[in-house]
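Undergrad: model the following, please.
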Amino acid sequence: MAKKGKSRLAAVLQSRMGTVNQVNQSQTAEVGKMQKNGIILEDFPDDVIGPDEYGLCCLGKEQEPKEGDEVLIVWADDLPVIVGVLKQES
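TA: Numbers count the residues shown, from 1 in each chain. Here you go, the predicted model:
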């Protein structure tokens, strides 16, 4: 999926979450890449979210993210949560 397409997907999900949640606080969805030392977000490539700083939605063994995978992250207040693997590194 091209970077533009991933950004569009994140924007659509963010819009839908705001509609479903019906609160004034905006929800955020972002795309990141799994690294040995954590997650690097596309929009903030110099910052690393360490392994003890994010949550993982139960995805099942075959969907568990590993180094090199692109992941979809949704922010729950101040906690980034991986909700899906967009592209698994082969």
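
Undergrad: CA only for contacts and neighbour counts going forward, please
TA: Will do.

Undergrad: okay, helices next: where are they in the protein?
TA: Ranges of helices within the chain are 3-21, based on DSSP state H.

Undergrad: hey, what's the spatially most central residue of it bridged with?
TA: To find the centre residue of the chain, average its C-alpha atoms and take the closest one (CA atoms, centre = their mean): that gives Ile73, at 1.7 Å. Partner residues in beta bridges with Ile73, using DSSP bridges, are Glu30, Ile82.

Undergrad: give me the pLDDT for it.
TA: Reading off the per-residue confidence, Ile73 sits at a pLDDT of 93.

Undergrad: try Asn24
TA: pLDDT, Asn24: 54.

Undergrad: check Val31 too.
TA: What the model reports for Val31 is a pLDDT of 92.

Undergrad: Leu79 now?
TA: On the pLDDT scale, Leu79 gets 89.

Undergrad: can you tell me how far it is from Cys57?
TA: 12 Å (CA to CA, to the nearest Å).

Undergrad: got it, and Asp46?
TA: On the measure of CA to CA, Asp46 and Cys57 end up 25 Å apart.

Undergrad: same question, Asp77
TA: Per CA to CA, Asp77 is found 15 Å from Cys57.

Undergrad: so, low pLDDT: which residues of the chain?
TA: Filtered on pLDDT under 70, the chain yields the residue ranges 1-4, 15-27, 59, 61, 88-90.

Undergrad: ok, the residue nearest to Val81 when sequence neighbours are not counted - contacts?
TA: Nearest residue to Val81, sequence neighbours excluded (CA to CA, 6 or more residues apart in numbering): Gly55, at 4.4 Å. Under the criterion of CA atoms under 8 Å, 6 or more residues apart in numbering, the contact list for Gly55 reads Leu79, Pro80, Val81, Ile82.

Undergrad: return a ChimeraX selection command for the buried portion of these.
TA: Buried residues within these, as defined by 16 or more other CA atoms under 10 Å, are selected in ChimeraX through the command that follows:
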select :80,81,82
